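Asker: sequence and predicted structure below; questions after.
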Amino acid sequence: MPEVIFTGPAGRLEGRYQAPKKKGAPIAIVLHPHPQFGGTMNNQIVYNLFYTFANRGFAALRFNFRGVGRSQGSFDHGTGELSDAASALDWVQSVNPEARACWIAGVSFGSWIGMQLLMRRPEIEGFISIAAMANRYDFTFLAPCPSSGLFVHGSEDRVAPAREVMPVIEKVKTQKGVIIEHQMVEGANHFFDGKVDELTQTVDTYLDKRLGPKE
């Protein structure tokens with residue numbers, strides 16, 4: 001799994017990239033939790049999501065937002081991080097020009113960035129949104145949500161409690177034919193401590209449904 005450096009709006013961005021075995025394979029970008037609360041591309045959930053897509057033959061990228069690890073720049077409260085995510089997608093598309101489909105996955109803060117990218121890039125056809133902090137960040141821009149996807153929360157999440165987040169997700173309007181699913185991992189907190197394998201299985205089951213089982 002090669003280390004990669006690509007150009008972002010605030011300088012170099014550091015990532016890990018798994019090239020696909022087949023030409024024209026779909027792309028997956030995985031976005032990490034909040035940079036100011038220890039979020040990096042090496043977060044356990046990010047790491048597992050990355051391999052979940054890579055093992056399905058995707059061109060998969062996880063990377064550090066500006067100011068994290070060896071990525072240049074400094075934290076920009078979401079605006080710059082959205083630009084970083086767009087640059088990441090541009091970079092993967094540049095090395096996979098035949099790719100048509102793209103998925104975006106994000107964890108916590110990363111899910112907020114990922115859903116904003118989804119609204120701007122019509123080629124994104126699916127999303128995985130883990131522990132979305134719809135109680136702290138405004139998700140009303142999903143009006144309507146253009147792609148089907150999955151929200152996953154932990155039943156014991158105290159940072160983004162399900163009772164605060166669920167009404168927001170249920171209000172998300174969708175385009176015709178778009179289906180948003182929501183799964184709960186029982187006993188899991190915001191960080192899915194001790195429950196990451198269960199979370200990964202939940203995502204895998206959803207991807208089996210959308211994409212067919214792994215080869």
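Answerer: Looks like it arrived, so ask away.
Asker: next helix or strand past the helix or strand of the chain with the lowest mean pLDDT?
Answerer: Within the chain, confidence by mean pLDDT, DSSP states H and E is lowest for helix 162-171 among all helices and strands, at a mean of 87. Sequence-wise, the next helix or strand downstream of helix 162-171 (DSSP states H and E) is strand 180-185.
Asker: could you dump the helix or strand just after that following strand to CSV, C-alpha only?
Answerer: With elements assigned by DSSP H and E, the helix or strand that comes after strand 180-185 is helix 196-211. Extracted in CSV, the C-alpha atoms of helix 196-211 (Å, rounded to 0.1, in the frame of the first residue of the first chain):
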residue,chain,number,x,y,z
VAL,A,196,-15.0,-1.7,15.1
ASP,A,197,-15.3,-5.2,13.7
GLU,A,198,-19.1,-5.1,14.1
LEU,A,199,-19.2,-1.7,12.4
THR,A,200,-17.0,-3.1,9.5
GLN,A,201,-19.4,-6.0,9.2
THR,A,202,-22.4,-3.7,9.0
VAL,A,203,-20.7,-1.7,6.2
ASP,A,204,-19.7,-4.9,4.4
THR,A,205,-23.3,-6.2,4.5
TYR,A,206,-24.6,-2.9,3.0
LEU,A,207,-21.9,-3.0,0.2
ASP,A,208,-22.9,-6.6,-0.6
LYS,A,209,-26.4,-5.4,-1.1
ARG,A,210,-25.4,-2.5,-3.3
LEU,A,211,-22.5,-4.0,-5.2
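Asker: what's in contact with helix 196-211?
Answerer: Residues from elsewhere that reach helix 196-211 (C-beta atoms under 8 Å, 6 or more residues apart in numbering): 44-45, 48-49, 52, 56, 126, 128, 130, 148, 150, 152, 181, 183, 185, 188, 192, 214. For glycine as for every other residue, the C-beta is placed from the backbone atoms N, C-alpha and C.
Asker: which of those are buried? Put it as a ChimeraX command.
Answerer: Buried residues within the contacts of helix 196-211, by 16 or more other C-beta atoms under 10 Å, are selected in ChimeraX with:
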select :45,48,49,52,56,126,128,130,148,150,152,185,188,192
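Asker: just the contacts of helix 196-211: which are in helices?
Answerer: 44, 45, 48, 49, 52 (DSSP state H).
Asker: which of those residues sits closest to residue 141?
Answerer: Closest approach to residue 141 among those (C-beta to C-beta): residue 49, at 22.6 Å.
Asker: could I get the ones in helices among the contacts of helix 196-211 in TSV, plus columns for pLDDT and distance to residue 80?
Answerer: Shown next, in TSV, are these (pLDDT from 0 to 100; distance: C-beta to C-beta, whole Å):
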residue	pLDDT	distance to residue 80
44	98	25
45	98	22
48	98	26
49	98	22
52	98	27
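Asker: which one of those residues is nearest residue 37?
Answerer: For these, the nearest to residue 37 is residue 45 (13.8 Å; C-beta to C-beta).
Asker: in contact with that closest one, which residues?
Answerer: 107, 130, 191, 192, 196, 199.
Asker: skipping its backbone neighbours, what lies nearest it in space?
Answerer: residue 107 (4.9 Å; C-beta to C-beta, 6 or more residues apart in numbering).
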